[in-house]
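Trainee: Turn this into a model:
(2 chains)
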Amino acid sequence: MANAMVALASLTLGSAQATVTFSSIPTGAYRDLFIETTEYWSSANTDVGIRFNGTTGTSTVYMAGFGSSSSSGTSSDLLGYASATGTQHQIHIFDAFATDKHKSGVYRYDNPGNFTAAAAFRWASTAAITSIQFYVGTGNFAAGSTFALYGVVA
Amino acid sequence: MMIPLGFLGIGKLPADFELISTQLLSTATSGVTFLSIPQTYKHLQVRYTARSDYASTGVFINFNFNNDNNANYTTHRLIGNGSTVTSASSVGANSMSNAGHQVPGSNSTTSVFGSGIVDILDYTNTNKNKTMRVFSGSTSTNNVALASGFWVSTAAISRLDLLMNSGNFTAGSRVSLYGIRG
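Mentor: Below is the predicted model of the structure:
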């Protein structure tokens, strides 16, 4: 039986850049997508954002633990806060190409120097996902940051 | 090989992550059942995107193993609702009830589904009671949840039922079962 999770693209940054984009994402063979990142920063603390098909309109609800405290909140078009010590994201996108539902999923993000967090998101569009872009609010993703995209058969 | 933890953990993804079965619902259905689960894997993973037709903004999904509907289940969950983090539990219940977050009901925005990942570990091992963990959420119900579940049985799991706590799974809901080799 074939593996149901297949690597589609992988990138390790050789130099700093402000955005990272997975484009021309293949449809048909997969239903879900999974993305794993390790992100480092060339500047001070900033927010990481995501855009599907180059558009905004992604809402998130999160919960996070910061040392002895915890919090929950919502945001728009943001995956979470990041710091210079690095951040990891693991993002599950369900039915990424279905045109009968908004695109939704869950993700973990961890900034080991500061917090651990879990979140859910929704891109309020029934369009099939064809591109996914990560961007930073301030500065750039530093060299050495990694981004990997997987297709999940269902 | 590191267990993928629903791919929550940092590390290598498994080489053998295989689709056992997918149920994509074309009509409203009260529950989703996987029968005769192969006993050839180390762990199972369920991935779902679902919505209920119950007139509510949010509905829980319950899980049962091997058609056991007796008071043999315990769950604990941690939920963020967009303003606070809370926890709750269900002890000695007739199913792995309220495991995770609430998926959208019919009073929620149309075309919105909730999604989740359920890991069932060492499901064939007859020396252990069975455990599972859930990572799920939906911005429609403004819930993100981490949950754990415990079934007081050393039986190998051969059947899995997902049932809406209220109403039915709507058309367009999808539940996929995967086997993970180890």
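Trainee: And the residue positioned nearest the centre of chain A, how close does it get to residue B:54?
Mentor: Central residue check for chain A by Cα atoms, centre = their mean: the C-alpha nearest the mean position is that of residue A:91, 5.2 Å away. When distances are taken as Cβ to Cβ, to the nearest Å, residue A:91 and residue B:54 turn out to be 29 Å apart. The C-beta positions use only the backbone N, C-alpha and C, and glycine is treated the same way.
Trainee: In space, what's closest to residue 62 - neighbours in sequence excluded?
Mentor: I'll assume chain A. Closest residue to residue A:62 in three dimensions, ignoring its sequence neighbours and counting by Cβ to Cβ, 6 or more residues apart in numbering or on different chains: residue A:119, at 3.7 Å.
Trainee: meant chain B actually
Mentor: Of all residues not flanking residue B:62 in the chain, residue B:95 sits nearest, at 4.1 Å (Cβ to Cβ, 6+ apart).
Trainee: Also residue B:104?
Mentor: Ranked by Cβ to Cβ, 6+ apart and with sequence neighbours excluded, the top spatial neighbour of residue B:104 is residue B:140, at 4.3 Å.
Trainee: show me what contacts that neighbour?
Mentor: Residue B:140 is in contact with A:122, B:57-58, B:104, B:108-109, B:112, B:114, counting by Cβ atoms under 8 Å, 6 or more residues apart in numbering or on different chains.
Trainee: Drop the exposed ones from these and show what's left.
Mentor: For the contacts of residue B:140, a burial check counting by 16 or more other Cβ atoms under 10 Å in any protein chain shown picks out A:122, B:57-58, B:104, B:108, B:112, B:114.
Trainee: want to throw these into TSV with pLDDT, distance to residue B:169 and secondary structure?
Mentor: Output for those, formatted as TSV (pLDDT from 0 to 100; distance: Cβ to Cβ, whole Å; DSSP: H, G, I helix; E, B strand; the rest coil):
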residue	pLDDT	distance to residue B:169	secondary structure
A:122	96	19	strand
B:57	87	16	coil
B:58	90	14	coil
B:104	94	12	coil
B:108	93	14	coil
B:112	95	14	coil
B:114	95	11	strand
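Trainee: Identify, from the residues you listed, the entry nearest to residue A:26.
Mentor: Ranked by distance to residue A:26 (Cβ to Cβ), the buried ones among the contacts of residue B:140 are led by residue A:122 at 22.8 Å.
Trainee: measure the closest one to chain B for me?
Mentor: Remark: distance between residue A:122 and chain B (Cβ to the nearest Cβ, to the nearest Å) = 4 Å.
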